[in-house]
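Novice: okay, here's the prediction I keep looking at, along with the sequence it came from:
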Amino acid sequence: MGILLLLCGASLIRTVNPGEPFVTLSSDPGYSTVTLENARRASLPGHPLLPLVPVVMALYGEPGDVSVSLAGFEPVRLPMPVEPASNLRPIGSDLPRTVRPDPSVYMSALDYPSDPLAAVSTGSLMGVTIVTALVSPWRYSPANGTLEMAGQITVTLEHTPEPPGRPLSSLQAATAQRRISAITGADPLPMPVGGHGITDYLIITGDSYLPVVQPLLDLQDERGLTAKAVGMSWVVMGFGGVRECVRWHYENEGTLFVLLAGDASIVPAEEFLVECEGLREKAPVDLYYACLDGDWDGDGDGVPGQPQDYPDLYPEVILGRALFSDYSGAQAFIDKTVVYTTAPPPGDWASTAVLNGGMLFPDIGYTGAKGCEEMASCFPDDWEIVRSYEFGVGDYPDTFFEPMAAGAGWNNHAGHGNNRGVYWATFASQIKVADQSLFLNGFRSGIHTSIACHPGDFTHPGTCLAKMLLHHADGGAVAAAMNTSWGWEGYWPELGPSEDMCNDMVRLVFQEHLPTLGEAVTTARDIQVPLTSGGYDRTFQSLLVFTAFMDPALSVLQVTSPPPPPPPVQVRVSLAGANPATSGQVLFDVDFTEGPVDLNVFDIAGRLVYSATLQNPGTTGWNCSGMPVGLYTAVARKGGYAGRARVTVLRP
C-alpha cells in the first residue's frame, strides 16, 4: 500500500494506494468473496461485504472536517455477485448463520456504496491526536454485476494546529513514537521530551501485599526502571480510585508501565456492558484503567464504555494485571516473573511454540488452523513449532498436551471457550483449569494466548484459566493474553480481531523486536482501533476484553531487544526580548546540547513563516516587520526533541 502525506496549511492530505484486490468464490454458493491486504471487510448484514481501507493520520491539534476523493477506477472481474454480510457469531457459538441479501441494495439500480467515507473516528495517544477515515474504494453495481476499485484514495483532514502539550519522559516518548508508527504506517511526529520519569513503573496492590511485591520493585531497578508500589487504601483516599491514581502518575511522574497486582478482590475491576450481534453481558475491562482521556461516558447516560460514548481506546500506559487472591498465588507469580527475567532454565523449551487450532465453525470450514499458521510464520526460523489442528470435527492429533505441560515458550489456543478452559469442536479440552496438577513445568513457564471466549474472565465465580496459569506454583505460565468475554470471528476467509491481536503480538515481539511483551499487547490492540466501523461491531467489543495478564515490562526470551534510547537531547528556546514584540525584531535564546538545530516560526494557522538552521547555541533574530499582528510559535527541533516559545507580534 503506497502512501503520500502532505501538510498544507491547516489541512492534512494523505494519499493511499489500496493495492490489488483478490477475488475467490465464496463459501456461500452463488457469490464472490473480495478481499484486500491490510483492510477488513465490514458492512451491515445483507449488504455487499467489501473491504474498508483505514487511512490514519496523526497530528497535534483539533481535527475538523474529513473529505475523501477517489481516482483511477479499474474494473474488478467478478465471477458471481459480491456476497452479502452474514450475521457474526462469537467464537464457538452455536447460533445459526444467516446470509440474506438486502433487496433494497441488490435490486437497486444505484451504485454501492453511496458514500466512500464509511466512518471517521478520533482518539488521543499520549497527547497526539489520531484520526481514522474508513474508506470504501469500491463502485459496485448489483444491477449489472460490475465492480470497480479506485487505484488512489485521497483523504483531506481540516484541523486547527496546536503545539505539543505536556512533555513526556524519554521512555514514554520513545514508546509513543513506535506505537504511532505502527498505527499510521508513517514516520512518527516529534515528541516533546522533558527528561527521565520519576516513576517509570507503578504497582497498585492491596496494602498487605506491599512487602510481598518488593522483589518486583527490585526487578525494575535491575532493568533500569524507576518504580514504586502504592496500596489500595492510598489509591482510594489520596487519588479517588485506580484510574485517577494511574492518570496522576502518568501526568506527574512519567509513568509508562502499570501492574495491577491482584485479582478483583485486591484491585477492583471495572465491568462494562459488552454487546455485539444481539449478545449482551458485563465483563471486566482493564483497558479503562490504561486509557486516560475522558470518562468513557460521552453521552452522559451513566452507562460508560458504549460505542455512542466514543471512548478513547488508545492507552496512555502499558498495563498488565497479575491474577492472584492470596499470598501463595502472589509469590508464584512473582517467582516465575523474576526467574524468567533473570535466570531462566536452560534448554530449548523457550524456543518451542505449541499451536492448537480447533474447528470453530464447521458449517463454513472456519478453523483456527489458519490463524495458527499465520502466527507460526512470525516465529524465528530456529523455533520448533508443535502443531495440532482440527480440520474436521474431532480429527486433531493428540500431540499437543505433553510439550505444553512440560513448558513451552509460546502457547496459543484457538478454540471454543469458557472461563474454565479452551476446547476442540468435540468439547474435549485443549487446556482447562482442572489440568493444573498436570502442569509440572516449574520455571519453564512461557506465554499463553487465546482467541477463545471467556478464559480470562476473572470476575466470574471460580478460578478462570488465566488465573490458574499464573498463580500455579509448580508450573503454568509467566504471562497470558486472553479474553474476559467473547472472542470474535472474522468474515471467512479473513481472520477476526481476536486472531489478529494474538498474531500481531508474535509479529511485534519477534519481527519488530519490541522491547516488552506489554508493549506488544498494547500495540496489537492499537492496530485494531482504526478498523472499528461503528456501533457494537466485533472489533470494538474485542478491544474491550482482550486483556494482558502479565508483568507489562516483561521482555520475551529469545528476542534481541533494540538498544535503549539515547539520552534525550536538551533543546530549549526562550524569548530574549519583550513580549509582545513591537520593534519588528524578535530575539530568541536557543540552547541545545547537540546540533545542528532547526528553528522554525509558525503563525496561528500552522503556516511556516521563518526557518533557520543553527550550528551553535546562542541568540538569533527573526525580522517580523511586515508580519500580521498575531500569535506566533517558535519551535527549535533536533530530531524528535523540541523546545517551544510563543510570542505576540504587534505593530510598532
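Specialist: Looks like it arrived, so ask away. Numbers count the residues shown, from 1 in each chain.

Novice: centre of the chain to the helix or strand harbouring Ala466, how far?
Specialist: According to DSSP states H and E, Ala466 maps onto helix 465-471. In terms of Cα atoms, centre = their mean, to the nearest Å, the centre of helix 465-471 is set 23 Å apart from its chain centre.

Novice: how about stretch 195-209?
Specialist: For stretch 195-209, the distance to the chain centre is 23 Å (Cα atoms, centre = their mean).

Novice: quick check: mean pLDDT of that stretch?
Specialist: Mean per-residue pLDDT for stretch 195-209: 95.

Novice: so what strands line up beside the helix or strand just after the helix holding Ala466?
Specialist: Proceeding C-terminally, helix 465-471 gives way to strand 477-483 as the next helix or strand, assigned by DSSP H and E. For strand 477-483, the paired strands and their directions (DSSP bridges) read strand 446-450 (parallel), strand 546-549 (antiparallel).

Novice: Val246 is nearest to which of the ones you listed?
Specialist: In this view, these are compared for proximity to Val246 by Cβ to Cβ, and strand 546-549 is the closest at 14.4 Å. No exception for glycine: its C-beta is placed from N, CA and C like everyone else's.

Novice: that older thread, please produce CSV containing the strands paired with strand 477-483, extended by distance to His159.
Specialist: Rendered in CSV, the data for these read as follows (distance: least, Cβ to Cβ, whole Å):
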stretch, distance to His159
strand 446-450, 38
strand 546-549, 31
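
Novice: JSON lines for these, including mean pLDDT and mean neighbour count?
Specialist: What follows is these, written out as JSON lines (pLDDT from 0 to 100; neighbours: other Cβ atoms under 10 Å):
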{"stretch": "strand 446-450", "mean pLDDT": "98", "mean neighbour count": "27"}
{"stretch": "strand 546-549", "mean pLDDT": "98", "mean neighbour count": "28"}
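
Novice: and of those strands, who's closest to Glu158?
Specialist: Across those, the minimum distance to Glu158, taken as Cβ to Cβ, is reached by strand 546-549, at 33.6 Å.

Novice: who touches the closest one?
Specialist: By Cβ atoms under 8 Å, 6 or more residues apart in numbering, the residues outside strand 546-549 that reach it are 284, 286-287, 319-323, 456, 466-467, 470, 479-484, 498, 501, 517-518, 521-522, 525.

Novice: can you tell me which of the strands paired with strand 477-483 is nearest to Leu217?
Specialist: It is, among those and with distance given as Cβ to Cβ, strand 546-549, at 19.6 Å.

Novice: for the helix or strand following that closest one, which strands pair with it and how are they oriented?
Specialist: Where DSSP H and E defines the elements, the next helix or strand beyond strand 546-549 is strand 571-575. As defined by DSSP bridges, the strand partners of strand 571-575 come to strand 585-592 (antiparallel).

Novice: average model confidence for the partner strand?
Specialist: 87.

Novice: any buried residues in stretch 424-443, and which?
Specialist: For stretch 424-443, the neighbour count (16 or more other Cβ atoms under 10 Å) marks 424-425, 429-433, 435-436, 438-439, 441, 443 as buried.
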